[in-house]
Each structure stands twice: as structure tokens, then as C-alpha cells.
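> No sequence on hand, only this structure:
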């Protein structure tokens, strides 16, 4: 296996090809086609045909929602694990006055701080606390990117 490309703010987003380029498009296409079928045939056909078409729309919509919810659950669990990892890391790296403020960091701030190198983490964490930096602002402020290749 070759070297991994160094991560930066510009390229750290992760695309899962099987989800983003296969499952999601197929499910959205299925929902779109069931809607087209329903509205194209609404003027003719009996009530039973309309009920079947409506059921197909509901099933297609349920599959789209299921795909999104499943993805969101995995990302939420990942964020919770990252939050715990970063709290432990901050406890180890922050000076004593800042350690007591670790609980004040939001989940988004903790998730963004994971990309900061150990050397720049204390100052960036202090800035995040004092300036209420957003997740994106923290990531943009990182000078020495600490890659995370294990993300979902």
C-alpha cells in the first residue's frame, strides 16, 4: 500500500464511494422515478394502482431516510469517541489553568482540535475557548495538520 496523501483543511473531507456514489444516488433515483410514475399516471388507472404507487413512494422515501439515518448514527458515534479521545489528550497536553476549562469545549470544537499537532494544541484550545471558534475556524487555524485516516 502506498503512502497516504498528507491531510490538510482543503482535503480532509472523506467520501465513501459506495455510499456517496452508489447507494445514495440509486435510492434518490428510485424515489424520483416513483414520484414521476405516480404523477404521470394519476389521471388514469384505478384507486388500487394509485395506492400501490403511493406505497412505492413511501417505501422509496423510507429507504432514503434509512440511508441518511444510518450514516448519521455512525458519524455521531465517531464524534463521541473523538470527544473522549480529545478530552484525554487535552488533559495530558494542556497546562493546569486550562485543564479545568476542557468541559467548556463543544463537541464540534473537540472534533476540530483533533487535527492540531500536539505542539499547537494548547494555544489553539485556549483560542477556541476564549474566542468561541467554530469547527471550521479551528481547522483553518491549524498550522501543523495531524491527519486522521480512520474516520468514517
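Yes, it's here. Keep in mind the model is a prediction, meaning the values are calculated, not measured.

> Low-confidence stretches in the chain?
For the chain, the stretches flagged by pLDDT under 70 are 1-3, 11.

> now with 80?
By pLDDT under 80, the low-scoring segments of the chain are 1-15, 150-152.

> Does anything pack onto the helix of greatest length in the chain? Which helices or strands?
As assigned by DSSP state H, the longest helix anywhere in the chain is helix 47-93. Contacts defined by 3 or more CB pairs under 8 Å, 6 or more residues apart in numbering; DSSP states H and E place helix 47-93 against helix 24-40, helix 96-99, helix 107-113, helix 121-131. The way it works is simple: take the backbone N, C-alpha and C, and place the C-beta from them, glycine included.

> Surely residue 71 and residue 23 touch.
No: in terms of CB atoms under 8 Å, residue 71 does not count as a neighbour of residue 23; the distance is 9.3 Å.

> Any chance of the helices and strands packed on helix 47-93 in JSON lines with distance to residue 50 as columns?
Converted to JSON lines, these look like this (distance: least, CB to CB, whole Å):
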{"stretch": "helix 24-40", "distance to residue 50": "8"}
{"stretch": "helix 96-99", "distance to residue 50": "63"}
{"stretch": "helix 107-113", "distance to residue 50": "45"}
{"stretch": "helix 121-131", "distance to residue 50": "55"}
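
> got these as a markdown table, with mean neighbour count columns?
Below are these laid out as a markdown table (neighbours: other CB atoms under 10 Å):
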| stretch | mean neighbour count |
| --- | --- |
| helix 24-40 | 14 |
| helix 96-99 | 11 |
| helix 107-113 | 21 |
| helix 121-131 | 17 |
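
> Which among these is found nearest to residue 10?
For the helices and strands packed on helix 47-93, distance to residue 10 was read as CB to CB. The smallest value, 14.8 Å, belongs to helix 107-113.

> contact partners of the closest one?
Residues outside helix 107-113 that contact it (CB atoms under 8 Å, 6 or more residues apart in numbering) are 79-80, 82-83, 86-87, 90, 105, 121, 124-125, 128, 133-136, 138-139.

> hmm, 10 Å instead?
9, 75-76, 78-80, 82-87, 89-90, 102, 105-106, 120-121, 124-125, 128-129, 132-142, 146, 148, 151 (CB atoms under 10 Å, 6 or more residues apart in numbering).
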